[in-house]
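[1] sequence first, then the predicted structure, then my questions.
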Amino acid sequence: GDSVTQKQGQVTLSEDDFLFINCTYSTTTYPTLLWYVQYLGQGPQLLLKVTTANNKGISRGFEATYDKGTTSFHLQKASVQESDSAVYFCALVDWMDSNYQLIWGSGTKLIIKP
Amino acid sequence: GGIITQTPKFLIGQEGQKLTLKCQQNFNHDTMYWYRQDSGKGLRLIYYSITENDLQKGDLSEGYDASREKKSSFSLTVTSAQKNEMAVFLCASSIGGKDGQLYFGEGSKLTVL
């Protein structure tokens, strides 16, 4: 079946560092790919989304590019701030059991040292 | 904008007890979901519903029941609480289809004594 892999369980950076969070996926279709962010004590919220119509998503300084060749959808930000501390989930929309469902990665916790 | 309201925010129960979590949304979304999130872990789908009175099992449905009697509400019952069940339960809604955007509540934290 389809899957999403986030190999980094945790990333620790200092303010103004460059952020790179790895996400790879496996699917036989052309998926919609998403990044969600979960701040402490809250539910996840959509950060950005990419479809087959546009291969790059940008939001709040974060960007992710859909690379069919490497089946990757890495999340990047040029300069992180303490307020970016959160858990980041990569996900794809899959057709399963006659319905569209989200397949979630395991999440990457971002810690920003003040 | 809309909101997802989960009640209660904190739920404490005894092992073996039947416990119910409730979720309301005012987005007028067709599809609603219940996920379980264990501490420091990812999201696992318990149940979802694509319309009123519809129920679909997720990967983690064993030990849970769900009910969608109205479009705006979706409840989840833990049929017999176990100590390893302590987790945050997240409700979400979406327009469904290939959109992929879910709107989540803040979660209900379950503690089993």
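    Ah, there it is.
[2] and the closest residue to A:Q101 other than its chain neighbours, what element?
    Computed as Cβ to Cβ, 6 or more residues apart in numbering or on different chains, the closest residue to A:Q101 that is not its neighbour in sequence is A:D94, at 5.6 Å. Yep, even glycine has a C-beta here, placed from its N, CA and C like the rest. According to DSSP states H and E, A:D94 maps onto strand A:86-96.
[3] render the CA-only coordinates of that strand in PDB, please.
    Extracted in PDB, the C-alpha atoms of strand A:86-96 (Å, rounded to 0.1, in the frame of the first residue of the first chain):
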ATOM      1  CA  ALA A  86       6.300  22.100  16.800                       C
ATOM      2  CA  VAL A  87       5.800  18.700  15.400                       C
ATOM      3  CA  TYR A  88       5.700  18.500  11.600                       C
ATOM      4  CA  PHE A  89       3.800  15.800   9.700                       C
ATOM      5  CA  CYS A  90       4.000  14.900   6.100                       C
ATOM      6  CA  ALA A  91       0.900  13.300   4.500                       C
ATOM      7  CA  LEU A  92      -0.600  12.200   1.200                       C
ATOM      8  CA  VAL A  93      -4.100  11.700   0.000                       C
ATOM      9  CA  ASP A  94      -4.800   8.200  -1.000                       C
ATOM     10  CA  TRP A  95      -7.700   6.300  -2.500                       C
ATOM     11  CA  MET A  96      -8.500   3.400  -0.200                       C
END
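[4] which strands or helices does it pack on?
    strand A:3-5, strand A:33-38, strand A:99-104, strand A:108-113 (3 or more Cβ pairs under 8 Å, 6 or more residues apart in numbering or on different chains; DSSP states H and E).
[5] for the record, mean pLDDT for it?
    pLDDT averaged over strand A:86-96 equals 91, rounded to a whole number.
[6] for B:F10, give me its contacts.
    B:108-109, B:111 (Cβ atoms under 8 Å, 6 or more residues apart in numbering or on different chains).
[7] distance-wise, check it relative to B:K83.
    Separation of B:F10 from B:K83 (Cβ to Cβ, to the nearest Å) stands at 17 Å.
[8] so what's the residue of chain B found nearest chain A up against?
    Among the residues of chain B, B:F104 lies nearest to chain A; the distance is 2.7 Å by Cβ to the nearest Cβ. For B:F104, the contacting residues are A:42-45, B:4, B:90-92, taking Cβ under 8 Å, 6+ apart as the criterion.
[9] how about these, which pair is most distant?
    A:Q45 and B:C91 (13.8 Å; Cβ to Cβ).
[10] who's more crowded, the two?
    More crowded of A:Q45 and B:C91, by other Cβ atoms under 10 Å in any protein chain shown: B:C91, with 29 against 14.
[11] the helix or strand hosting the more buried one vs strand A:33-38, what angle?
    Assessed by DSSP H and E, B:C91 sits inside strand B:87-94. What separates the directions of strand B:87-94 and strand A:33-38 is an angle of 130 degrees, with axes from the mean of the first three to the mean of the last three Cα atoms, to 10 degrees.
[12] list the pairing partners of the next helix or strand after strand B:87-94 within its sheet, with orientation.
    Per DSSP H and E, the first helix or strand lying C-terminal to strand B:87-94 is strand B:103-104. Each strand pairing with strand B:103-104, determined using DSSP bridges, is listed with its direction: strand B:87-94 (antiparallel).
[13] who in chain A is up against chain B?
    Applying Cβ under 8 Å from any Cβ of the partner chain, we find that chain A lies next to chain B at A:32, A:34, A:41-46, A:49, A:89, A:91-93, A:97, A:99-102, A:104-107, A:109.
[14] good, we can wrap up now.
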